[in-house]
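S.K.: coordinates for the following, if possible.
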Amino acid sequence: MSVIEDRIYIGNVDYNATEEELREFFANTGVTSVEIPSKTLIRGKKEITRRLGFAFVSFESKEAADKAVEEFNDKQFKSRKIFVKKAVPPPTEEEKLKKSEEYKAKKAARQKEKAAKQAAAVANGDSSVETTAAAGETADLAVNGDQGAHDDKPSDAAATGKPSAPKKKKTRKPKKKVVAESDAASEPNSSDSAAATTPETAATTPGSAPKAPEGTPSPDTVFITNLHYQVRQRALISHFKELKPKWVHVPLRRVPYRNRKEGNKAPIYNKGIAFIKFPNHEVQQEAISKFNGHEIEGRAIVVEVAIDTKEKSEGANGTTEEESEVKGTENNAAASEVPASA
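M.R.: Okay, here's the model as predicted:
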């Protein structure tokens, strides 16, 4: 391979390095020119110029370039170790075409070798490659043209003396999922469960109640669903004020960061659910019987017993995990939500 005797190539150059810094790095070595290639990117209305991480340096003579290769190869330049070698002239169009043809020839040879191995394995009864036989035949067709790997197989017309009928294309039919009647009766799907949560669907489908979550029913807290997305704590407090709830919690949806920026005020909605804690079990049951199906902002809410999903486990101080969870919920509600007495 021909090289440029008085020009060197420098790799692993720092992307922030400038031509002046590189010239100072090779000071007193007979440098005539320094070039750091770069490319320009357009991002909207901005043009960004980025260096490519390599450089070329030309010298006064071949001896100066050889000396630079020996002295500066594997040296530290701006926190990076650079590697230096003689520069190579850019390839001509003929050389590019030759390299492309060589690459295509090597690729075709690899595909032909792979197809031959698969055919030999199938002939030896290796079941692990039978599924890839079609891929090997495709590779043979790509290498050998239309004659392919099927030239040595006699056709049906040559064997029987009669013209062969055109083959019909096989079409695959989508498989239908078969659900057992017992499974369908015992495990309702998510759409049935979602439909059974509203009073309207509960009235029309009495036997399709959703599966309750695992846990312990709360003795004094109710869980509200189908809540209008703009209802807040104060609206629920006004509806349940006669039962004197201890606290009301309406979880809010998370607002994306892009909507929190100044000048972009997006509305904040709740998650369509709420929790209300009452003084005792009797008041809880009264709230369920009185307010289940009650309309708030045009939507009939569903009021049911809340489920404590965490199991009780006694701690070191004698309090159970459920009690500490309820206390923590009460403290959070008192700190971040609107109290029922407001």
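
S.K.: select the longest helix from the protein.
M.R.: As assigned by DSSP state H, the longest helix anywhere in the chain is helix 93-123.

S.K.: who are the packing partners of that helix?
M.R.: Contact here means 3 or more C-beta pairs under 8 Å, 6 or more residues apart in numbering; DSSP states H and E; on that basis helix 93-123 packs against helix 133-144. C-beta coordinates here come from the backbone N, C-alpha and C atoms, glycine included.

S.K.: quick one, helices of the stretch 201-342 of the chain?
M.R.: Along the stretch 201-342 of the chain, the stretches classed as helices by DSSP state H, counting those that start in this stretch are 233-240, 281-291, 321-336.

S.K.: could you tell me the least trusted of those helices?
M.R.: Looking at these, the lowest mean pLDDT belongs to helix 321-336 (a mean of 42).

S.K.: for stretch 13-24, buried residues please.
M.R.: Neighbour counts using 16 or more other C-beta atoms under 10 Å place 13, 14, 17, 22 of stretch 13-24 among the buried residues.

S.K.: low-confidence regions, the chain specifically.
M.R.: Applying pLDDT under 70 to the chain picks out residues 1, 126-213, 257-266, 310-342.

S.K.: what about 80?
M.R.: Low-confidence segments of the chain, defined by pLDDT under 80: 1-2, 125-214, 254-267, 309-342.

S.K.: okay, now the domains of it?
M.R.: 4-87, 214-336 (automatic domain parsing).

S.K.: thinking again about what came up before, tabulate the buried residues of stretch 13-24 (JSON lines), appending secondary structure.
M.R.: Output for the buried residues of stretch 13-24, formatted as JSON lines (DSSP: H, G, I helix; E, B strand; the rest coil):
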{"residue": "13", "secondary structure": "coil"}
{"residue": "14", "secondary structure": "coil"}
{"residue": "17", "secondary structure": "coil"}
{"residue": "22", "secondary structure": "helix"}
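
S.K.: farthest-separated two in those residues?
M.R.: 14 and 22 (9.5 Å; C-beta to C-beta).

S.K.: can you list residues touching both of these two?
M.R.: residue 77 (C-beta atoms under 8 Å, 6 or more residues apart in numbering).

S.K.: want to throw the domains of the chain into JSON lines with distance to residue 116?
M.R.: Shown next, in JSON lines, are the domains of the chain (distance: least, C-beta to C-beta, whole Å):
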{"stretch": "domain 4-87", "distance to residue 116": "40"}
{"stretch": "domain 214-336", "distance to residue 116": "56"}
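
S.K.: those domains: which one's closest to residue 122?
M.R.: Nearest of the domains of the chain (C-beta to C-beta): domain 4-87, 47.4 Å.

S.K.: so which residues of the protein form strands?
M.R.: With DSSP state E as the criterion, the chain has strands at 4-11, 31-35, 38-43, 46-51, 54-59, 76-77, 80-81, 83-87, 216-225, 247-249, 274-277, 295-296, 299-300, 302-308.
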